[in-house]
Structures are given as structure tokens and as C-alpha cells.
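**Q** sequence and predicted structure, then a few things I'm wondering about:
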Amino acid sequence: MSTSDDLHARRLRAVRAWTHFVADGDKEADTVRPEILSSWQLSGVVSPDVTHAPLDDEGDTAEFWNQSPLQTAVTRVQDELRRTAEDGDLVIAVTDEQTRILWTYGGRVMRRKAETVNFVPGGRWDEASVGTNALAIAGRTGAPSMVFSAEHYAEVVHNWVCWAAPVFDPVTGRPLGVIDLSTTWDRTHPIGLATARVMARLIEGALPADRRTSPLGATAPADPGLTLTLLGTAEVWLDGQRLLLNRRQTEILALLAMHPGGLSVEHLHSLLYGDSSVTTSTLKAEVSHLRAALAGQLSSRPYKLTLPVTTDVEEVQRLLRRGDVRAAVRAYGGDLLPGTESPALVQMGDYLAVSVREALLVQPDPDAVLRYSDLAPYDTAVVEACLASLSVHHPVAPLLKGKLAAGRG
């Protein structure tokens, strides 16, 4: 265990490096670890004088938590988590993939400290919100992280030390969020990071076996049928089980899902390949592989899916038609099958992106715009429209101004 003198010397070095970087503009700061320097550089949109994390809507956070498989897992192991927090006078937090805190438990002293800086459910602890911290680094890099004292960008948490480890879905490998252990800097212990890793594995092992995660932590339907995730990433689920398909097969499924009445081989070939010189025999071979993967639930003449199908593309469109822009942006994971060369899918992707953008310009919900700006960081017009609709003192305004500065930069 580090001696008191060692910790004080380490803290002094961290304070000096932070002062050189923040006050003196020394953007090299080679006296800190590379991951800290990289995070400091990302934190420039945040004032180092920020006093607390911004809070997301309480109802939205609770709804997300209640629907997340993390909630089931944490409930199953909460006795172990609470015992760890109480024995070490720690505050433990579990976040979603965007580093929004969903659940916390703290020892008596740290619980009070945590509440003063919004280290509570709904608190946003990404680097764009509060600067460098272990939760943000672990969530961004997918690797365990420790941030000690003045390695934090925000001066208000210079008295903290934090250890964080990412939590992954063991089935899909998808990141679900982060678990973080925090206490005061003078209680730094060498096993802190190892403990965070153990807690992350504990949660992963307690995830419900009969549920599968999809983007944003929601659960894939257990009902019979085909579920396609096409926005930002590509996943195909059949009756709750993930199918491992190649890119072209996923594109074919996407096109068939968008044409429930069926497609002739010639029409499907045109939508998929455009003017490319690909033979219909190649297409037929891909369809044959798909038919086998779907247990025969793909008919011929025309090609048509013969089972229930749901897609995130359809869900975003449904929410936009209903006028629920916030939910639509939450369901919108990004570009439709990024990198696709299918003319029809490129056209649909552009249509959907424009639809989401136009809906935000008409109804610039602050939380939705924050989410959207992560997906489209250079679309400053949407951020400007949102800022114009907010009061100067709205809690989200500083974050949006930071996003605007970063987008213009």
C-alpha cells in the first residue's frame, strides 16, 4: 500500500501538471500518463471550474434503467456491491453506454460527497460534460481506468480517486456501460482497479441469460420473428438468437424487410448492386445461404420473408410520425449500414438522416440534440437552433455551446 508521503508527492505532481496544462496552456504535459493527457485534450469544451455534472431527465433515466438488463444484474449482486462500498467507504456507480449514471450506492461519507457533484442517477459523466474522469475514459476506450486527484479535469473532484471498468454483454460483446468505484484520494489503494474489474465481471455474470441487448441497452424481443438492427451497427436476431451473417446477406435482409410484398430477383439485384457487374447467380447464392440461416422462412418468386420482421429503421420512422422526437433520436443509432454501396440503402439512409435532422430543427429538444450531436458532431445548425430556443440559464446550454465550439473547430 502506498505510504502517506508517497500519495502526497503523487498528488503534488498531479496538481503541478494540471496547473501547467489548464492555467499555463502547456498542451504537452508529458508528466502525466498518455491516457490522461488525451482525455484532458478532449475536455477542452468544459470549464475546469464546473461544479457538478449535468442531470438528465429523472423519468427518462429511471425508464431506461428499468428496461436495461443491467438493472436485473445489479439487483442480483447488489449485496456484494453494497458490502464493498460500505467496507471501503466508496461510492459505486453503474452507467449506461453514454456514461450516464443509472444506479449508485455509497458509504456514509462518500455518499454525501457524491450528491454535491451530481454523482447520482441521471448525472452525465462523459468528458464533454465534466471533463476527465475514470468513468468517461473506461467508457470511451473499453478498458479499465484509474484517475487520481488532479488528473481529473474538473477541480471540484481533485479530492477524489476513481477506478472504473467497462461492462460488456458476454453474448454479443456489446458495451453496456461502466462500473466505477470512487473515494477520497488519500484512500488510494493498489487493488482499486482490480476490484473494479472484479465487480464488472460480477455484473456480466449476473446478466439475464434469456435477454439479449441491442443498441442503447434495450432488450431484443423474445417474440418469434426477425429483428434487424441497421442504424450505426448491424445485427440480426432470429427468435431471440443472434445470426452471424456477412454484410451482403444483411443488406439483402434489409431490402426484403423494406419491401414486405416481395422482390423479383431482377428488382432485388438492381436495389442491391445498382450498375455493378455482379451476376444474378451470385445473388441467388447469397439468398440460398440466407434461406438456410432463416430455417427456410424466405420464399422465392418473388423473394419474400415469411416471418414477422421488425427493424430500427421502421421504429425511428414510427416515432417521427408520432412526433416523439426524443424517442426517435434515442432509437436512431446513426447512419444506415455505414459504408453500404447499395443504391437503395444509401437512399433510405439519406432519407432517414434528413428526417431526423428536420424533426430536430422543428422540435429542438435539448436532450435529443445532445444525443444527436454525438452522432453528427459537425451539424452545428441543429445545435444553434436548440440554443436559440433555450433560456440562457438552461442547464443544458453550456453543454450545447461546447458541442457547437467543437463542431466548428
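**A** Yep, it's here. Residues are numbered from 1 along each chain as shown.
**Q** from now on I want contacts and neighbour counts done on CA atoms only, so please keep to that.
**A** Fine.
**Q** tell me which residues of stretch 250-268 come out buried.
**A** 250-258, 262-263, 265, 268 (16 or more other C-alpha atoms under 10 Å).
**Q** again, but for stretch 57-77
**A** Result for stretch 57-77 [16+ other C-alpha under 10 Å]: buried residues Thr61, Phe64, Trp65, Ser68, Pro69, Leu70, Gln71, Thr72, Ala73, Val74, Arg76, Val77.
**Q** kindly report the same for stretch 367-374.
**A** Buried-residue list, stretch 367-374, by 16+ other C-alpha under 10 Å: Asp367, Ala368, Val369, Leu370, Arg371, Tyr372, Ser373.
**Q** just to revisit the earlier point, from the buried residues of stretch 57-77, which ones fall inside helices?
**A** Counting by DSSP state H, the part of these found in helices is Thr61, Phe64, Trp65, Pro69, Leu70, Gln71, Thr72, Ala73, Val74, Arg76, Val77.
**Q** for those, which one is nearest Ala138?
**A** For these, the minimum distance to Ala138 (C-alpha to C-alpha) is 16.9 Å, reached by Leu70.
**Q** can you check the pLDDT for that closest one?
**A** You'll see Leu70 listed with a pLDDT of 94.
**Q** show me what contacts the nearest residue to it once chain neighbours are set aside?
**A** Nearest in space to Leu70, with sequence neighbours left out and distances taken as C-alpha to C-alpha, 6 or more residues apart in numbering, is Leu207 at 6.7 Å. Listed by C-alpha atoms under 8 Å, 6 or more residues apart in numbering, the contact partners of Leu207 are Pro69, Leu70, Thr72, Ala73, Asp169.
**Q** what is the most widely separated pair among those?
**A** Taking C-alpha to C-alpha, the two most distant members of these are Thr72 and Asp169; they sit 13.0 Å apart.
**Q** please identify the helix or strand for Ala257.
**A** helix 247-258 (DSSP states H and E).
**Q** quick one: residues in contact with the next helix or strand along the chain from that helix.
**A** Using DSSP H and E, the next helix or strand after helix 247-258 towards the C-terminus is helix 265-273. By C-alpha under 8 Å, 6+ apart, the surrounding residues in contact with helix 265-273 are 251-252, 255, 280, 283-284, 301-303, 341-345.
**Q** I'd like the mean pLDDT over helix 265-273, please.
**A** Helix 265-273 carries an average pLDDT of 94.
**Q** same for the next helix or strand after that helix, what does it pack against?
**A** Next along the chain after helix 265-273, taking DSSP H and E as the criterion, comes helix 280-293. Helix 280-293 sits against helix 247-258, helix 265-273, with contacts defined as 3 or more C-alpha pairs under 8 Å, 6 or more residues apart in numbering; DSSP states H and E.
**Q** now do helix 280-293 against helix 265-273, angle only.
**A** Angle, helix 280-293 to helix 265-273, by axes from the mean of the first three to the mean of the last three C-alpha atoms, to 10 degrees: 90 degrees.
**Q** which of the residues in helix 280-293 are buried?
**A** Going by 16+ other C-alpha under 10 Å, helix 280-293 has these buried residues: Leu283, Val287, Leu290, Arg291.
**Q** quick one: whichever helix or strand Ala406 is part of to chain centroid distance?
**A** Element membership for Ala406, per DSSP H and E: helix 397-408. Distance of helix 397-408 from its chain centroid, counting by C-alpha atoms, centre = their mean, to the nearest Å, is 19 Å.
**Q** hmm, who's touching it?
**A** Residues outside helix 397-408 that contact it (C-alpha under 8 Å, 6+ apart) are 45-46, 128-129, 370, 373, 377-380, 383-384, 387, 390-391.
**Q** just the buried ones among the residues you listed, please.
**A** Counted by 16+ other C-alpha under 10 Å, these give 45-46, 128-129, 370, 373, 377-380, 383-384, 387 as buried.
**Q** for the nearest residue to Leu42 once chain neighbours are set aside, what are its contacts?
**A** Excluding the flanking residues, the one nearest Leu42 by C-alpha to C-alpha, 6+ apart is Glu127, at 6.9 Å. Listed by C-alpha under 8 Å, 6+ apart, the contact set of Glu127 reads Ser39, Leu42, Ser43, Asn133, Ala136, Ile137.
**Q** can you flag the buried ones in those?
**A** Buried subset of the contacts of Glu127 (neighbour count, 16+ other C-alpha under 10 Å): Ser39, Ser43, Asn133, Ala136, Ile137.
**Q** so which of these comes closest to Leu102?
**A** Nearest to Leu102, judged by C-alpha to C-alpha, of those is Ala136 at 14.3 Å.
**Q** next one: phi and psi at that closest one?
**A** With angles defined as degrees, to the nearest 10, Ala136 sits at phi -60, psi -40.
**Q** that older thread, out of the buried residues of helix 280-293, who's nearest Arg100?
**A** Nearest to Arg100, judged by C-alpha to C-alpha, of the buried residues of helix 280-293 is Leu290 at 38.3 Å.
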